[in-house]
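Participant: sequence and predicted structure are below.
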Amino acid sequence: MFVLAGSNSVLANHILPVLRDRYQVCAFDQETGDIEDETFLGKLFDETSPEVFINCVQLGNIEECEYKRDVAYRINGFAPGKIARLCKEKNALYVHFSTSHIFDGKKKSPYSETDEPNPISVYGDSRLMGEKHILESGCRYLIIRLYAVYGKGKSFLHDKFTRMTIDGSLQVIKNRFISPTYALDVASALNTLIDQKKEGVYHFANSGKATSLDFIRAAIDYYHKYSGKDLNISIYETDYEEYISPVERPLNNMLSIDKLVLETGINVRDWKKALDDFMKNNFFNL
């Protein structure tokens, strides 16, 4: 039995179909089950005796995390610890998704799993707290760090398109490097990691190097290619110091996937090919 929390998330929209082809899965969203509720979690573990628990729940809006710090630390920091302790008791594998925001973004090359975390936001700090609680629990764990995840459902890419169509323009930070990640490819990688009984910390992203500007321009090009619609959007870059935001954002969010590729043999798609695939099949949902 696999248990998945956060069934209405972008990640779950792609992970669930892959898992349900092979396993019995009990999935729930935040309306039917609260991962902060220890009574609910205890009953769930007793009734399902999961072999694997997958947590897709997070408070992922980095600005909201600054305003709702207590909620951010509860959901991103303390709740993963509660789940991890139950996984330890039941000898279940805990699959947890984390983020590149645990790093400060000052490194000039992609971050590896052994780089020292140094979060610069509440979001990053709360997610790092979650990782620490998992490690302290002594459970079997698979932590997968991601960044810029998009796919079916409401992702950051949908938010960007909504903002662009309303405002007719979009501002991005100049020379901000990212690791675009298609949730469908995350699901495939997770399937392989579970098959190969891997544990520990892994980074995942689609391969290749991109700035925020590169990614948005490519998404608009693919949208036009498959929809035939011209959005007539103005995109302009702003220096980091002039970008108005209540929260600091790492300038480098690139994640090295060398460990995952070396240990699993996974052939990871280039980010442009993955984005093209998504836009070809899902542009009408944007």
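Facilitator: Structure received. From a predicted model like this one, the values you see are computed outputs, not experimental measurements.
Participant: can I get the helix or strand bottoming out on mean pLDDT in the chain in CSV? Just the C-alpha atoms.
Facilitator: Taking mean pLDDT, DSSP states H and E as the measure, the helix or strand of the chain with the lowest value is helix 156-167, at a mean of 88. Extracted in CSV, the C-alpha atoms of helix 156-167 (Å, rounded to 0.1, in the frame of the first residue of the first chain):
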residue,chain,number,x,y,z
PHE,A,156,3.8,28.8,-11.3
LEU,A,157,3.7,28.6,-15.1
HIS,A,158,-0.1,29.0,-15.0
ASP,A,159,0.3,32.0,-12.7
LYS,A,160,2.8,33.6,-15.1
PHE,A,161,0.4,33.2,-18.0
THR,A,162,-2.5,34.6,-16.1
ARG,A,163,-0.5,37.6,-15.0
MET,A,164,0.8,38.2,-18.5
THR,A,165,-2.6,38.0,-20.2
ILE,A,166,-4.1,40.4,-17.6
ASP,A,167,-1.2,42.9,-17.5
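Participant: list the buried residues of it.
Facilitator: Using 16 or more other C-beta atoms under 10 Å as the burial criterion, the residues of helix 156-167 that qualify are 157-158, 160-161, 164. C-beta coordinates here come from the backbone N, C-alpha and C atoms, glycine included.
Participant: ok, now how distant is the residue of the chain most remote from its centre from residue 181?
Facilitator: The outermost residue of the chain relative to its centre, with distances by C-alpha atoms, centre = their mean, is residue 228 at 30.1 Å. As defined by C-beta to C-beta, to the nearest Å, residue 228 lies at a distance of 27 Å from residue 181.
Participant: do the same with residue 222
Facilitator: 16 Å.
Participant: just give the nearest non-adjacent residue to the residue most central in space within the chain, would you?
Facilitator: Residue closest to the mean C-alpha point of the chain, counted by C-alpha atoms, centre = their mean, is residue 146 at 4.5 Å. Spatial nearest neighbour of residue 146, chain neighbours left out: residue 181 (5.3 Å); criterion: C-beta to C-beta, 6 or more residues apart in numbering.
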